[in-house]
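> Structure for the following, please:
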Amino acid sequence: MMIAMVSNPKEAWARDDGEEYWKADAAIAMHQVSLAAYAEGLGTCWIAAFKEKEVKEILGVDFDSRVAFLSPLGYPAENKGPIRDRKTLESLLRNI
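Down below sits the predicted model:
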């Protein structure tokens, strides 16, 4: 299965100075999808290297909308287990 994260910039929130946040909103939504998938034992992988025009044509996405990300969704072929060489939280934080 493939997930397509689609946004419509014209309908998205923008700051008073005109800065658009549709990409940030799409990233937040995709992150939540990835977390939910992981909780169910599924794997995802954000993909941004695609030809948007072709993807929009295949999916029938309207002209005003943008395809922000693609992601396969499925059960991983192998389980590598927990990552053991991660840095501790304390080593990443510093007091300000």
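> how about the nearest residue to Trp13, chain neighbours excluded?
Closest residue to Trp13 apart from its sequence neighbours, by CB to CB, 6 or more residues apart in numbering: Tyr21 at 5.4 Å. To be clear about C-beta, it is placed using only N, CA and C from the backbone, and glycine gets the same treatment.
> Neighbours of Ser7, how many?
22 (other CB atoms under 10 Å).
> Who are the contact partners of it?
Shown in contact with Ser7 (CB atoms under 8 Å, 6 or more residues apart in numbering): 22-23, 25-26, 65-66, 68.
> Return the members of those residues classed as buried.
22, 25-26, 65-66, 68 (16 or more other CB atoms under 10 Å).
> Which single one of these is nearest to Phe50?
Ala68 (10.6 Å; CB to CB).
> any idea which helix or strand comes after the top strand by length along the chain?
Ordering each strand of the chain by length in residues (DSSP state E) puts strand 66-74 first. Per DSSP states H and E, strand 66-74 leads on to helix 89-92 as the next helix or strand towards the C-terminus.
> rounded to a whole number, what's the mean pLDDT of that next one?
Mean pLDDT, computed over helix 89-92, is 85.
> Can you add pLDDT and give the buried ones among the contacts of Ser7 back as CSV?
Listed next are the buried ones among the contacts of Ser7 as CSV, based on pLDDT from 0 to 100:
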residue, pLDDT
Trp22, 94
Asp25, 94
Ala26, 94
Ser65, 96
Arg66, 96
Ala68, 95
